[in-house]
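S.K.: Got a sequence here, can you model it:
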Amino acid sequence: MPPVIDLEKGRLHLAAKRGFRNWVSGFGEDFGLSTRLGDLSIETLGILAKGKESGAFYIYDLTMNLQNMGSAFEFNELDPRKKMAIIDRYIFILDLLRFEIMKRLGWLESYPGEPLTLVELVLRFEEVAPDLQAKPPHLSKDHPGYQRFMRMNVLDREVFVRKLIPQALKAVEGYSTTL
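M.R.: Residues are numbered from 1 along each chain as shown. Predicted coordinates:
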């Protein structure tokens, strides 16, 4: 009896290969269907999490390729509705990249969405994003602001963590692969 081929998994594998094509050449690392934010090198995280031109390009490129919309070079040719869908996913992924940096710095215990792959975060965005965005990351007990954080409501906790982003981005600039 011939082996059973999982067509959906095959499609996802090809989409991931296409989606990460520029990441592999740009970052010189291996990425694939099972790549999670925690698998990214600190250098790659640093570039992507800044939200500057090259980082935005790579996130747009991954998102567009995974959804068969072309590459990031074609972003400006998309209709406004598709552009907004890409931008929504970009902002969502950007937040999670920044939370991953804070986790590596020891500032966060965990963050929502951490166990999901990048492919899942993009392709299941409509399904997972609303729930994940409603939950703030868990601040580390070792963080100096932990006691104050614990006394806050959910919205204030999110603001507290977001105010740490500039510090985290600055801190990651001076780190090598030791994180």
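
S.K.: which residues touch Glu74?
M.R.: Met64 (CB atoms under 8 Å, 6 or more residues apart in numbering). Where C-beta positions appear, they are placed from N, C-alpha and C, glycine not excepted.

S.K.: 10 Å - rerun?
M.R.: Counting by CB atoms under 10 Å, 6 or more residues apart in numbering, Glu74 touches Tyr60, Asp61, Met64.

S.K.: so it sits in a helix?
M.R.: Yes. With DSSP: H, G, I helix; E, B strand; the rest coil as the criterion, Glu74 is located in a helix.

S.K.: on that earlier part again, so which of the contacts of Glu74 is the closest to Pro166?
M.R.: Set against Pro166, the nearest of the contacts of Glu74 by CB to CB is Tyr60 (22.7 Å).

S.K.: show me what contacts Asp131?
M.R.: Pro112, Gly113.

S.K.: That one is in what secondary structure piece?
M.R.: Using DSSP states H and E, Asp131 maps to helix 125-133.

S.K.: who touches the helix or strand that comes right after that helix?
M.R.: Later in the chain than helix 125-133, the nearest helix or strand by DSSP H and E is strand 138-139. Residues outside strand 138-139 that contact it (CB under 10 Å, 6+ apart): 99, 102-103, 107-112, 114, 145-150, 152, 157, 160-161, 164.

S.K.: Mind doing that once more with 6 Å?
M.R.: Glu109, Ser110, Tyr146, Phe149 (CB atoms under 6 Å, 6 or more residues apart in numbering).

S.K.: okay, these in CSV with secondary structure, neighbour count and distance to Gly46 next?
M.R.: Rendered in CSV, the data for the contacts of strand 138-139 read as follows (DSSP: H, G, I helix; E, B strand; the rest coil; neighbours: other CB atoms under 10 Å; distance: CB to CB, whole Å):
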residue, secondary structure, neighbour count, distance to Gly46
Glu109, strand, 14, 21
Ser110, strand, 13, 20
Tyr146, helix, 13, 25
Phe149, helix, 18, 25
